[in-house]
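S.K.: need the 3D shape of this:
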Amino acid sequence: MSERASWRAVREEILNRPGAGAAYEAARIRFELGEAVRLRREALGMTQAQLAAATGTQQPAVARFEAGGTMPTIMILERYAEALGMRLTVELEPLEQAS
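M.R.: A predicted model of the protein is given here:
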């Protein structure tokens, strides 16, 4: 019977493939942005439909974004921030300083 690889080993092997690190990072950013919007929307007691109306989008677009399925433009992120009473901050930092 063969030994199964640990999740850590499988993840490391996948991330070592060409382009995988960039794709993983893009997915992480999408997920974190969507989660931040969802948490703020829920804290304000807003529905996805209400947020969609406030941003000029449709409810399914809000749902996809909150689930990390899409990467909106800066302009759309600004609309989300305004509708949620937040300030959008975009930052670039050297990789050696990034966590």
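S.K.: report pLDDT for A98.
M.R.: Looking at A98, its pLDDT is 69.
S.K.: over to E91?
M.R.: As predicted, E91 sits at a pLDDT of 89.
S.K.: ok, it to Q59 distance?
M.R.: Separation of E91 from Q59 (C-beta to C-beta, to the nearest Å): 30 Å. C-beta coordinates here come from the backbone N, C-alpha and C atoms, glycine included.
S.K.: which one of these two is surrounded by more residues?
M.R.: For E91 and Q59, the more surrounded residue by other C-beta atoms under 10 Å is Q59, and the numbers stand at 14 against 4.
S.K.: isn't that one up against M46?
M.R.: No. Checked against C-beta atoms under 8 Å, the pair Q59 and M46 is beyond contact range at 11.4 Å.
S.K.: is it true that Y24 touches R17?
M.R.: No. At 10.2 Å, Y24 does not count as touching R17 under the criterion of C-beta under 8 Å.
S.K.: so these two - more neighbours on which side?
M.R.: More neighbours surround Y24 than the other of Y24 and R17, with 13 against 9 (other C-beta under 10 Å).
S.K.: what sits against that one?
M.R.: Going by C-beta atoms under 8 Å, 6 or more residues apart in numbering, Y24 touches L15.
S.K.: could you look up the SS state of it?
M.R.: Reduced to three states with DSSP: H, G, I helix; E, B strand; the rest coil, the structure at Y24 is helix.
S.K.: can you give me the pLDDT of it?
M.R.: Y24 is assigned 83 on the pLDDT scale.
S.K.: same deal with R64?
M.R.: At R64, the model reports a pLDDT of 97.
S.K.: chain neighbours aside, what residue packs nearest to it?
M.R.: T70 (4.9 Å; C-beta to C-beta, 6 or more residues apart in numbering).
S.K.: distance of the one you found relative to W7?
M.R.: Distance of T70 to W7, computed by C-beta to C-beta: 27 Å.
S.K.: need the contact list for the residue nearest the centre of the chain.
M.R.: Nearest to the mean C-alpha position of the chain, by C-alpha atoms, centre = their mean, lies R30 at 2.2 Å. Contacts for R30 (C-beta under 8 Å, 6+ apart) come out as 68-71.
S.K.: right, I'll call it a day here.
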